[in-house]
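A.B. asks: got a structure for you, letters missing:
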C-alpha cells in the first residue's frame, strides 16, 4: 500500500464535481481539529503560509483553514455546518475568518456554547456555525447557552427556537450574540464614548522577571537581606532598590490588598537616561540572587547581566499615579494608586499626566455598565472570566469628563438601566 501526501477531492469525488450546474457538495459537516498554527515552532504556519488561504493568520488556528476549505468544496447555495472553538468570534486572529464569513457566505445559524462544555475531553469553548455559500442576508439566527447551563443543550433545537435573537454580521469586527436590548445599549455606549485608544493615556504591563522566586520576595526575606548589608550606606541603597509589588489577584475595585511582596528591582536602566543597576554595589542582594544562579543565568527575560531585569522603557511610570487592573478577572476592577508601587506581569496599568483623567476613568471602568460592555469585546475564559488584553481595553468607549451619572452620560433609558442592574445582581 502507498500513502499519498495529498488528497484530491475532485479526483476522489469525480461524480460530485462534474454534475452539470451543481459542481461541489450539497452539505459539508464536520468537527475540525483545533491546533494553533504557531505550535511546534510554527510548523503548520510554515506549511500553509503559501497555500493561498485568505483566512490564514500565522497566529491563528487550523480550524479556520478548514472553514475555507469546506466552503471551496460546496456548490453555490450549498451548506456547511461545523462545531469548532468559538475563539474566532472575538480573537484578533479571527478577523480574517470573520471577514470571510461576512463577505463570502450567508451565516444562517450561530450557537455559542460559551462556557458550557460540549466535549468531556476538551477544555475549549465551542460554537456551531451553519452557513450557506451565497450572499449574506444579514439575518443570522443566534443563541447563547452560557446563562442556561448544560440543560439548554439537551434539546438544542427547542432552545434555539425559543431563545434565539437575530444578528447582522457584516464585517470583520467581533461577532457577539446580543439581544435587541443589548444591541441598543451597545450602540449607545459606542455613540457617546471615545475609545481609550484615542485618549492621551498609555497602557503598560507589569514587570516580567523570568524568575519570580528569585526577584519577588516576602517581607521576611527583605528584612533578612537588609540585615546582611555591611553598613548603613549599603542598607539605604538596598532599601531603595527593593520596592513593593502587586499581583493581579491583589487588585480590587477602587483599591488593592498588598500581600507584603517586594520586587528586587535590579533594573537594566533606560538608555541615555538612567544607568542600569550594577550588582557589585549591592552585595547583600547579589548573595541572595546567587542562590538562584542556575535559574537566572540562562533565563530569556534578563538585562545586560543575569542579575538585571529585562529592559523596561516605562520604568519611571511606576513612580507616578496609575490605574492598576488584573490580566484575568471575573469583573472589571480598576484601582488608582498614587504610591510608588510596582506590579508583576499578571497586572496592567494605565498612566497619564492628568490625574483627573485617571479618577474619571476609574469611575467609568468600575461601573456595572462598562463591566457588561467589556464582555461583548473580550475573549472569555470559561463562563465568567475575561482577559484584559490591551487590544480590547483600548476599544472601551468612555465619555469626556463632565457627566457624573454614568447611565445619563450614555443616554440609557429606564428599561436598559434595569437590564444592566439585573446583570450586576
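C.D. replies: Sure thing, it's come through. Note that this is a predicted model, so its numbers are computed, not measured.
A.B. asks: which other residues reach the strand ranked longest in the chain?
C.D. replies: Ranked by residue count, the top strand of the chain under DSSP state E comes out as strand 74-85. Residues from elsewhere that reach strand 74-85 (Cβ atoms under 8 Å, 6 or more residues apart in numbering): 19, 22-32, 34, 61, 63, 66-67, 70-71, 105, 108, 118, 124-134. For every residue, glycine as well, the C-beta is placed using N, CA and C.
A.B. asks: one more time with 7 Å, if that's ok
C.D. replies: Contacting residues not belonging to strand 74-85 are listed as 22-32, 34, 61, 63, 67, 70-71, 124-134 [Cβ atoms under 7 Å, 6 or more residues apart in numbering].
A.B. asks: What about these, which are in helices?
C.D. replies: Secondary structure from DSSP state H places 63, 67, 70-71 of the contacts of strand 74-85 in helices.
A.B. asks: most neighbours, which of the residues you listed?
C.D. replies: residue 67 (24 neighbours; other Cβ atoms under 10 Å).
A.B. asks: Closest one to residue 324 out of the ones in helices among the contacts of strand 74-85, please.
C.D. replies: Closest approach to residue 324 among those (Cβ to Cβ): residue 63, at 35.9 Å.
A.B. asks: ok, so what distance separates the closest one from residue 100?
C.D. replies: 13 Å (Cβ to Cβ, to the nearest Å).
A.B. asks: Ok, residue 192 next?
C.D. replies: Separation of residue 192 from residue 100 (Cβ to Cβ): 32 Å.
A.B. asks: Could you do residue 265 as well?
C.D. replies: 47 Å.
A.B. asks: Any stretches of the stretch 101-250 of the chain with poor pLDDT?
C.D. replies: For the stretch 101-250 of the chain, applying pLDDT under 70 flags the ranges 146-152.
A.B. asks: looking at this, residue 54 is in a helix?
C.D. replies: No: under DSSP: H, G, I helix; E, B strand; the rest coil, residue 54 sits outside any helix and is assigned coil.
A.B. asks: In space, what's closest to it - neighbours in sequence excluded?
C.D. replies: Spatial nearest neighbour of residue 54, chain neighbours left out: residue 100 (6.0 Å); criterion: Cβ to Cβ, 6 or more residues apart in numbering.
A.B. asks: Tell me, how many residues neighbour residue 133?
C.D. replies: 21.
A.B. asks: Need the pLDDT of the nearest residue to it once chain neighbours are set aside.
C.D. replies: Nearest non-adjacent residue to residue 133, counting by Cβ to Cβ, 6+ apart: residue 74, 4.4 Å away. You'll see residue 74 listed with a pLDDT of 95.
A.B. asks: What is the burial count for residue 74?
C.D. replies: Here the number of neighbours of residue 74 (other Cβ under 10 Å) works out to 21.
A.B. asks: which residues of the stretch 201-350 of the chain fall in helices?
C.D. replies: 212-215, 219-227, 232-241, 283-290, 293-296 (DSSP state H, counting those that start in this stretch).
A.B. asks: Any figure for the gap between residue 216 and residue 248?
C.D. replies: Residue 216 is 13 Å from residue 248, by Cβ to Cβ.
A.B. asks: Nearest residue to residue 251 in space, please, no chain neighbours.
C.D. replies: residue 326 (4.7 Å).
A.B. asks: what's near enough to touch that neighbour?
C.D. replies: 248-249, 251, 333, 346-347, 388.
A.B. asks: quick revisit: which one of residue 192 and residue 100 has more residues nearby?
C.D. replies: Neighbour count, other Cβ under 10 Å: between residue 192 and residue 100, residue 100 has more, with 19 against 16.
A.B. asks: Contacts only, for the more buried one.
C.D. replies: Contacts of residue 100 (Cβ under 7 Å, 6+ apart): 54-55, 68.
A.B. asks: Tell me if it really is in a helix.
C.D. replies: Yes: checked against three-state DSSP, residue 100 lies within a helix.
A.B. asks: Give me the pLDDT for it.
C.D. replies: pLDDT at residue 100 comes out at 97.
A.B. asks: can you check residue 382 too?
C.D. replies: Looking at residue 382, the pLDDT reads 63.
A.B. asks: returning to what we had before: buried ones in the longest strand of the chain?
C.D. replies: Residues of strand 74-85 classed as buried: 74, 78-80, 82-85 (neighbour count, 16 or more other Cβ atoms under 10 Å).
A.B. asks: Low-confidence bits of the stretch 251-400 of the chain, can you list those?
C.D. replies: In the stretch 251-400 of the chain (pLDDT under 70), the answer is 382-383.
A.B. asks: at 80 instead, please
C.D. replies: Scanning the stretch 251-400 of the chain for pLDDT under 80 picks out 379-384.
A.B. asks: Strands of that one, start to end?
C.D. replies: Taking DSSP state E, counting those that start in this stretch, the strands of the stretch 251-400 of the chain run over residues 251-252, 255-256, 261-264, 322-326, 328-329, 334-337, 342-343, 347-351, 380-381, 385-387, 397-398.
A.B. asks: out of these, nearest to residue 89?
C.D. replies: Nearest to residue 89, of those and by Cβ to Cβ, is strand 380-381 at 9.8 Å.
A.B. asks: Strand partners (parallel or antiparallel) of the closest one?
C.D. replies: Pairing partners of strand 380-381, with direction, according to DSSP bridges: strand 385-387 (antiparallel).
A.B. asks: what comes into contact with the partner strand?
C.D. replies: Contact with strand 385-387 is made by 327-330, 374-375, 378-381, as judged by Cβ under 7 Å, 6+ apart.
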